[in-house]
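> okay, sequence plus prediction incoming.
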Amino acid sequence: METLPEEMLGEIFNYIEPIEYHNLYRVNRQFYSSTMKRIISISNNKIMEQTIKKGDILSILNSNYKYLHLRIACQSGYEKIVKLLISRRANNWNSGLYGACQGGYKELVILMIDKGANNWNSGLLGACLGGHKDLAMLMIKKRANHWNWGLESACKAGHKNLALLMIEKGANTFNNGLVRACQGGQKDLVLLMIEKGAGCWVWGLKEACKNKHEDLIQLMIEKGAGNGTKKCFHCNKYINEHLKYNYSQL
(Lines give C-alpha, C1' and ligand atoms only; values in the text may rest on other atoms or scores of the structure.)
Protein backbone atom coordinates (compact mmCIF):
# COMPACT_ATOMS: atom_id res chain seq x y z
CA MET A 1 0.00 0.00 0.00
CA GLU A 2 1.31 3.44 -0.91
CA THR A 3 1.91 6.05 1.77
CA LEU A 4 2.28 9.79 1.60
CA PRO A 5 5.63 11.44 2.38
CA GLU A 6 5.88 12.29 6.07
CA GLU A 7 6.73 15.93 5.40
CA MET A 8 3.50 16.35 3.47
CA LEU A 9 1.42 14.84 6.27
CA GLY A 10 3.12 17.15 8.73
CA GLU A 11 2.18 20.16 6.63
CA ILE A 12 -1.43 19.03 6.42
CA PHE A 13 -1.71 18.51 10.18
CA ASN A 14 -0.13 21.91 10.82
CA TYR A 15 -2.87 23.56 8.75
CA ILE A 16 -5.76 21.84 10.52
CA GLU A 17 -7.31 23.61 13.48
CA PRO A 18 -9.92 22.16 15.84
CA ILE A 19 -12.87 23.85 14.16
CA GLU A 20 -16.38 22.47 14.39
CA TYR A 21 -17.88 20.63 11.44
CA HIS A 22 -20.15 22.95 9.50
CA ASN A 23 -22.36 22.60 6.47
CA LEU A 24 -21.22 24.25 3.27
CA TYR A 25 -24.26 24.16 1.03
CA ARG A 26 -22.76 26.25 -1.75
CA VAL A 27 -19.56 24.32 -2.27
CA ASN A 28 -18.34 23.37 -5.71
CA ARG A 29 -18.12 19.57 -5.81
CA GLN A 30 -15.78 19.54 -8.79
CA PHE A 31 -13.37 21.89 -7.01
CA TYR A 32 -13.21 19.73 -3.90
CA SER A 33 -12.77 16.54 -5.91
CA SER A 34 -9.96 17.92 -8.06
CA THR A 35 -8.20 19.49 -5.06
CA MET A 36 -8.38 16.26 -3.08
CA LYS A 37 -6.92 14.40 -6.04
CA ARG A 38 -4.06 16.89 -6.10
CA ILE A 39 -3.43 16.24 -2.43
CA ILE A 40 -3.22 12.47 -2.82
CA SER A 41 -1.26 12.53 -6.09
CA ILE A 42 1.48 14.97 -5.09
CA SER A 43 4.97 13.53 -5.68
CA ASN A 44 7.63 13.07 -3.01
CA ASN A 45 9.88 15.84 -4.31
CA LYS A 46 7.24 18.59 -4.38
CA ILE A 47 6.46 21.08 -1.68
CA MET A 48 2.79 21.11 -0.85
CA GLU A 49 2.52 24.90 -0.78
CA GLN A 50 3.20 24.95 -4.50
CA THR A 51 0.03 23.00 -5.19
CA ILE A 52 -2.40 23.27 -2.30
CA LYS A 53 -3.51 26.35 -0.38
CA LYS A 54 -4.16 26.28 3.37
CA GLY A 55 -7.79 27.24 2.88
CA ASP A 56 -8.28 24.44 0.37
CA ILE A 57 -7.31 21.79 2.90
CA LEU A 58 -9.52 23.22 5.64
CA SER A 59 -12.44 23.46 3.22
CA ILE A 60 -11.95 19.88 2.05
CA LEU A 61 -11.73 18.39 5.51
CA ASN A 62 -14.85 20.23 6.67
CA SER A 63 -16.99 20.12 3.54
CA ASN A 64 -20.16 18.16 2.87
CA TYR A 65 -18.15 16.11 0.42
CA LYS A 66 -15.98 14.21 2.90
CA TYR A 67 -17.73 11.05 1.68
CA LEU A 68 -16.36 11.77 -1.80
CA HIS A 69 -12.83 12.27 -0.51
CA LEU A 70 -12.97 9.11 1.58
CA ARG A 71 -13.76 7.20 -1.59
CA ILE A 72 -10.97 8.89 -3.55
CA ALA A 73 -8.43 8.29 -0.77
CA CYS A 74 -9.46 4.62 -0.46
CA GLN A 75 -9.32 4.20 -4.23
CA SER A 76 -5.79 5.66 -4.27
CA GLY A 77 -4.63 3.51 -1.37
CA TYR A 78 -3.53 6.32 0.95
CA GLU A 79 -4.21 4.86 4.38
CA LYS A 80 -2.97 7.90 6.31
CA ILE A 81 -5.26 10.26 4.40
CA VAL A 82 -8.14 7.82 4.98
CA LYS A 83 -7.48 7.91 8.74
CA LEU A 84 -7.12 11.68 8.63
CA LEU A 85 -10.52 12.03 6.96
CA ILE A 86 -12.06 9.63 9.48
CA SER A 87 -10.65 11.78 12.28
CA ARG A 88 -12.51 14.70 10.68
CA ARG A 89 -15.76 12.72 10.91
CA ALA A 90 -15.87 11.24 7.42
CA ASN A 91 -18.10 8.20 7.95
CA ASN A 92 -19.54 7.06 4.64
CA TRP A 93 -18.04 3.59 4.92
CA ASN A 94 -19.88 2.23 1.89
CA SER A 95 -18.42 4.97 -0.29
CA GLY A 96 -14.99 4.07 1.07
CA LEU A 97 -15.68 0.39 0.42
CA TYR A 98 -16.53 1.17 -3.20
CA GLY A 99 -13.29 3.12 -3.64
CA ALA A 100 -11.10 0.54 -1.91
CA CYS A 101 -12.58 -2.26 -4.04
CA GLN A 102 -12.09 -0.25 -7.21
CA GLY A 103 -8.49 0.53 -6.28
CA GLY A 104 -7.74 -3.03 -5.21
CA TYR A 105 -6.64 -2.21 -1.65
CA LYS A 106 -7.79 -5.12 0.48
CA GLU A 107 -6.48 -3.59 3.73
CA LEU A 108 -8.73 -0.58 3.22
CA VAL A 109 -11.62 -2.83 2.23
CA ILE A 110 -11.25 -4.61 5.57
CA LEU A 111 -11.00 -1.26 7.38
CA MET A 112 -14.23 -0.01 5.82
CA ILE A 113 -15.99 -3.27 6.73
CA ASP A 114 -14.69 -3.04 10.30
CA LYS A 115 -16.07 0.51 10.45
CA GLY A 116 -19.51 -0.64 9.36
CA ALA A 117 -19.63 -0.84 5.54
CA ASN A 118 -22.25 -3.34 4.43
CA ASN A 119 -23.23 -2.40 0.88
CA TRP A 120 -21.70 -5.45 -0.74
CA ASN A 121 -23.19 -4.67 -4.13
CA SER A 122 -21.42 -1.30 -4.12
CA GLY A 123 -18.18 -3.13 -3.35
CA LEU A 124 -18.87 -5.60 -6.16
CA LEU A 125 -19.44 -2.72 -8.56
CA GLY A 126 -16.13 -1.14 -7.58
CA ALA A 127 -14.24 -4.42 -7.85
CA CYS A 128 -15.64 -5.12 -11.32
CA LEU A 129 -14.80 -1.60 -12.45
CA GLY A 130 -11.26 -1.88 -11.11
CA GLY A 131 -10.68 -5.43 -12.32
CA HIS A 132 -10.06 -7.04 -8.94
CA LYS A 133 -11.48 -10.55 -8.99
CA ASP A 134 -10.35 -11.40 -5.45
CA LEU A 135 -12.34 -8.48 -4.04
CA ALA A 136 -15.31 -9.31 -6.25
CA MET A 137 -15.26 -12.82 -4.76
CA LEU A 138 -15.04 -11.34 -1.26
CA MET A 139 -18.13 -9.22 -1.93
CA ILE A 140 -19.93 -12.26 -3.32
CA LYS A 141 -19.10 -14.18 -0.15
CA LYS A 142 -20.65 -11.26 1.72
CA ARG A 143 -23.84 -11.86 -0.36
CA ALA A 144 -23.44 -9.32 -3.15
CA ASN A 145 -25.77 -10.36 -5.97
CA HIS A 146 -26.19 -7.48 -8.43
CA TRP A 147 -24.67 -9.44 -11.28
CA ASN A 148 -25.93 -7.14 -14.02
CA TRP A 149 -24.35 -4.08 -12.41
CA GLY A 150 -21.08 -5.97 -12.19
CA LEU A 151 -21.33 -7.10 -15.80
CA GLU A 152 -21.91 -3.60 -17.12
CA SER A 153 -19.02 -2.16 -15.08
CA ALA A 154 -16.67 -4.92 -16.19
CA CYS A 155 -17.67 -4.36 -19.83
CA LYS A 156 -17.05 -0.63 -19.63
CA ALA A 157 -13.62 -1.09 -18.02
CA GLY A 158 -12.58 -4.02 -20.23
CA HIS A 159 -12.26 -6.76 -17.60
CA LYS A 160 -13.33 -9.86 -19.48
CA ASN A 161 -12.63 -12.28 -16.61
CA LEU A 162 -15.03 -10.38 -14.37
CA ALA A 163 -17.64 -10.10 -17.11
CA LEU A 164 -17.50 -13.88 -17.48
CA LEU A 165 -17.77 -14.30 -13.71
CA MET A 166 -20.88 -12.12 -13.62
CA ILE A 167 -22.42 -14.09 -16.50
CA GLU A 168 -21.62 -17.33 -14.69
CA LYS A 169 -23.42 -15.95 -11.65
CA GLY A 170 -26.51 -15.05 -13.69
CA ALA A 171 -25.99 -11.66 -15.37
CA ASN A 172 -28.02 -11.37 -18.56
CA THR A 173 -28.25 -7.67 -19.52
CA PHE A 174 -26.14 -8.18 -22.59
CA ASN A 175 -27.51 -5.17 -24.47
CA ASN A 176 -26.51 -2.91 -21.60
CA GLY A 177 -23.14 -4.62 -21.52
CA LEU A 178 -22.68 -3.92 -25.22
CA VAL A 179 -23.53 -0.25 -24.78
CA ARG A 180 -21.11 0.07 -21.85
CA ALA A 181 -18.38 -1.70 -23.77
CA CYS A 182 -18.90 0.67 -26.71
CA GLN A 183 -18.72 3.57 -24.26
CA GLY A 184 -15.39 2.32 -22.93
CA GLY A 185 -13.95 1.32 -26.31
CA GLN A 186 -13.67 -2.35 -25.29
CA LYS A 187 -13.98 -4.33 -28.50
CA ASP A 188 -13.36 -7.73 -26.87
CA LEU A 189 -16.26 -7.13 -24.52
CA VAL A 190 -18.47 -5.87 -27.35
CA LEU A 191 -17.81 -9.12 -29.22
CA LEU A 192 -18.52 -11.14 -26.07
CA MET A 193 -21.87 -9.38 -25.62
CA ILE A 194 -22.72 -10.03 -29.27
CA GLU A 195 -21.82 -13.69 -28.78
CA LYS A 196 -24.23 -13.75 -25.84
CA GLY A 197 -27.05 -12.32 -27.95
CA ALA A 198 -26.78 -8.54 -27.66
CA GLY A 199 -28.22 -6.62 -30.61
CA CYS A 200 -28.62 -3.00 -29.47
CA TRP A 201 -26.66 -1.61 -32.41
CA VAL A 202 -28.18 1.88 -32.48
CA TRP A 203 -27.35 2.66 -28.85
CA GLY A 204 -23.96 1.02 -29.23
CA LEU A 205 -23.31 3.32 -32.18
CA LYS A 206 -24.34 6.34 -30.12
CA GLU A 207 -21.80 5.59 -27.37
CA ALA A 208 -19.05 4.63 -29.82
CA CYS A 209 -19.62 7.89 -31.71
CA LYS A 210 -19.77 9.95 -28.53
CA ASN A 211 -16.44 8.56 -27.35
CA LYS A 212 -14.80 8.47 -30.80
CA HIS A 213 -14.19 4.72 -31.00
CA GLU A 214 -13.94 4.41 -34.75
CA ASP A 215 -13.56 0.61 -34.89
CA LEU A 216 -16.74 0.17 -32.86
CA ILE A 217 -18.63 2.71 -34.96
CA GLN A 218 -17.81 0.60 -38.00
CA LEU A 219 -18.75 -2.61 -36.19
CA MET A 220 -22.14 -1.27 -35.08
CA ILE A 221 -22.90 -0.16 -38.63
CA GLU A 222 -21.86 -3.54 -40.04
CA LYS A 223 -24.11 -5.26 -37.51
CA GLY A 224 -27.11 -3.20 -38.54
CA ALA A 225 -27.19 0.12 -36.71
CA GLY A 226 -28.98 1.61 -39.68
CA ASN A 227 -28.63 2.83 -43.22
CA GLY A 228 -28.44 6.14 -45.01
CA THR A 229 -31.97 7.09 -44.04
CA LYS A 230 -31.27 6.95 -40.29
CA LYS A 231 -29.31 9.34 -38.10
CA CYS A 232 -26.89 8.71 -35.27
CA PHE A 233 -28.43 9.52 -31.88
CA HIS A 234 -25.26 11.29 -30.79
CA CYS A 235 -24.05 13.49 -33.68
CA ASN A 236 -27.29 13.53 -35.74
CA LYS A 237 -25.40 12.61 -38.90
CA TYR A 238 -26.78 10.07 -41.32
CA ILE A 239 -25.41 6.61 -40.57
CA ASN A 240 -23.58 6.24 -43.88
CA GLU A 241 -21.76 9.53 -43.29
CA HIS A 242 -19.84 7.83 -40.49
CA LEU A 243 -18.05 5.77 -43.09
CA LYS A 244 -16.28 8.83 -44.47
CA TYR A 245 -16.27 11.25 -41.51
CA ASN A 246 -13.21 12.59 -39.69
CA TYR A 247 -13.86 11.27 -36.18
CA SER A 248 -11.47 13.73 -34.55
CA GLN A 249 -14.07 16.41 -35.31
CA LEU A 250 -16.91 14.64 -33.48
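Now that the structure is in, tell me what you want to look at.

> please pull out the lowest mean pLDDT helix or strand from this protein.
Using mean pLDDT, DSSP states H and E, helix 6-15 stands out as the lowest-scoring helix or strand of the chain, at a mean of 46.

> got any ranges where this protein has weak pLDDT?
Counting by pLDDT under 70, the chain shows low-confidence ranges at 1-68, 226-229, 238, 240-250.

> one more time with 80
Residue ranges of the chain with pLDDT under 80: 1-69, 72, 78, 80-81, 84-85, 87-89, 226-250.

> show me what contacts the residue lying closest to Leu216 once chain neighbours are set aside?
Among residues not flanking Leu216 along the chain, Ala208 sits closest, at 3.8 Å (CB to CB, 6 or more residues apart in numbering). (Glycine included, C-beta is placed from N, CA and C.) Ala208 makes contacts with Cys182, Gln183, Gly185, Glu214, Leu216, Ile217, Leu219, Met220, as judged by CB atoms under 8 Å, 6 or more residues apart in numbering.

> tell me how far Ala208 lies from Arg88.
To Arg88, Ala208 is 43 Å away according to CB to CB, to the nearest Å.

> follow-up on the earlier one: and the contacts of Ala208 as CSV, adding neighbour count and distance to Met166?
Converted to CSV, the contacts of Ala208 look like this (neighbours: other CB atoms under 10 Å; distance: CB to CB, whole Å):
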residue, neighbour count, distance to Met166
Cys182, 31, 18
Gln183, 20, 17
Gly185, 18, 20
Glu214, 15, 28
Leu216, 24, 21
Ile217, 27, 26
Leu219, 20, 22
Met220, 28, 23
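
> now those as TSV including distance to Lys83 and secondary structure?
Putting the contacts of Ala208 into TSV (distance: CB to CB, whole Å; DSSP: H, G, I helix; E, B strand; the rest coil) gives the following:
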residue	distance to Lys83	secondary structure
Cys182	40	helix
Gln183	35	helix
Gly185	37	coil
Glu214	46	helix
Leu216	43	helix
Ile217	46	helix
Leu219	47	helix
Met220	47	helix
